[in-house]
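Colleague: sharing a model prediction with you, sequence too.
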Amino acid sequence: MAASSRLRALSKPTPAAIGAAIVLLLAALAVLAPYISPYDSESMDFNAVLSPPSLAHLFGTDNFGRDVLTRALFGLRVSLIAAIGSVAAAMVVGVPLGLLAGYRRGFVDAVIMRPVDVIMAFPAIVLVVALAGVFRQSLGLMTLAIGFVYFPIIVRVMRGAAIEVSDALFVEGARARGASRVRIMARHVLPNAITPVLVQASALMGVAILMEAAISFIGLGVQPPTPSLGLMLSDGRSYMGDAPWLVICPGLGILVAVLGFNLMGDGLPRLLDAANRRRK
């Protein structure tokens, strides 16, 4: 009876599983875009300008005769690279700093957190736009700019979790056994404090997709003719009355991608807590 109930529980679709399935599907579509679509994302066909959706072009064509669905798939690749890359860069910097600040506290905490507080005082989108405007407009630099804005958030979340875990009895026991600070942080504090950071990272990936779209929308992201969902929205707004498919397709891509990452973030705490209980 217990085994059957466990099987039924595993068979139920959880938010994390649904979100992961959406993200994996979108990632597969983005990676396989050159093989899925018979069209090139940058080739123009002036005999098919602003063609409505049809069997030949499922989401129609744009003002240069380019297939909208193909460009959306390639634009989705840009969005996912920016989202995953920026959050990964933020975690590489933010997790060690937050762990050190939360475990050591005192002077070390103050030295790390005061600059973090200064960066967080600026609105995220304003800071990203400023950084994107100063540096050369490219996907790599835009990803680093978003990661720079996100790393203070990762630092604060990691710091709060590390402070809570550092006061636990098993950490006190490790100190009593003479374990070094580095060993305690790496073996005891980090594995037990990383869950809220992973949840925050999943949510930030969804926000990063919106941020990349916003930056590209105003012309500071990737430049034409490289496809970008935000750039497609910007180009299509002039034709919304006559060709609404120009904004529907990239808009749906942004919507589904953000939904997938948010569902992952909502379901990750339960999944990770269950994994921790099994490990213990």
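Modeller: Perfect, I can see it now.
Colleague: please make it C-alpha for all contacts and neighbour counts, starting now.
Modeller: Noted.
Colleague: okay, now the unreliable bits of the protein?
Modeller: Low-confidence segments of the chain, defined by pLDDT under 70: 1-13, 136, 269-280.
Colleague: what about the helices in the stretch 51-200 of the chain?
Modeller: 68-104, 106-120, 124-134, 139-166, 169-176, 181-183, 190-193, 195-217 (DSSP state H, counting those that start in this stretch).
Colleague: so can I have CSV of those helices showing distance to Ala30 and mean neighbour count?
Modeller: Formatted as CSV, the helices of the stretch 51-200 of the chain follow (distance: least, CA to CA, whole Å; neighbours: other CA atoms under 10 Å):
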stretch, distance to Ala30, mean neighbour count
helix 68-104, 5, 24
helix 106-120, 33, 14
helix 124-134, 24, 17
helix 139-166, 16, 23
helix 169-176, 44, 13
helix 181-183, 40, 13
helix 190-193, 32, 18
helix 195-217, 14, 23
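Colleague: looking at the ones you listed, spot the one closest to Phe46.
Modeller: helix 68-104 (14.0 Å; CA to CA).
Colleague: centre of the chain versus the closest one, how much separation?
Modeller: 5 Å (CA atoms, centre = their mean, to the nearest Å).
Colleague: cool, and stretch 134-151?
Modeller: With CA atoms, centre = their mean, you get 14 Å for stretch 134-151.
Colleague: and stretch 47-59, by the same measure?
Modeller: With CA atoms, centre = their mean, you get 31 Å for stretch 47-59.
Colleague: again, but for stretch 254-270
Modeller: On CA atoms, centre = their mean, the centre of stretch 254-270 falls 10 Å from the chain's centre.
Colleague: how about the closest residue to Arg156 other than its chain neighbours, what does it touch?
Modeller: Counting by CA to CA, 6 or more residues apart in numbering, Gly98 is the residue found nearest to Arg156 once chain neighbours are left out, at 6.2 Å. Counting by CA atoms under 8 Å, 6 or more residues apart in numbering, Gly98 touches Ile154, Val155, Arg156, Val157, Met158, Arg159, Gly160, Ala162.
Colleague: ok, the second one to Leu25 distance?
Modeller: Noted for Val155: a distance of 30 Å to Leu25, by CA to CA, to the nearest Å.
Colleague: how many residues are close by Gly241?
Modeller: 9 (other CA atoms under 10 Å).
Colleague: confirm that it sits in a helix.
Modeller: No - assigned with DSSP: H, G, I helix; E, B strand; the rest coil, Gly241 falls outside any helix and is coil.
Colleague: any idea how far it lies from Phe170?
Modeller: Taken as CA to CA, the span from Gly241 to Phe170 is 64 Å.
Colleague: ok, Asn63 next?
Modeller: Asn63 is 64 Å from Phe170, by CA to CA.
Colleague: what do you get for Arg187?
Modeller: Arg187 is 11 Å from Phe170, by CA to CA.
Colleague: how about Gly140?
Modeller: For Gly140 relative to Phe170 (CA to CA), the value is 42 Å.
Colleague: over to Gly19?
Modeller: From Gly19 to Phe170 the distance is 34 Å (CA to CA).
Colleague: now swap in Leu255 and tell me
Modeller: Taken as CA to CA, the span from Leu255 to Phe170 is 43 Å.
Colleague: again with Ala145
Modeller: Counting by CA to CA - Ala145 and Phe170 are separated by 39 Å.
Colleague: ditto for Ala16
Modeller: 30 Å.
Colleague: just Met113 next, same as before
Modeller: Counting by CA to CA, the gap from Met113 to Phe170 is 26 Å.
Colleague: repeat for Val149
Modeller: 34 Å.
Colleague: next one: Arg183
Modeller: With CA to CA as the criterion, Arg183 and Phe170 are 13 Å apart.
Colleague: do the same with Leu141
Modeller: Distance from Leu141 to Phe170, by CA to CA: 42 Å.
Colleague: Thr226 now?
Modeller: 53 Å.
Colleague: check which helix or strand covers Ser41.
Modeller: Of the helices and strands defined by DSSP states H and E, none includes Ser41.
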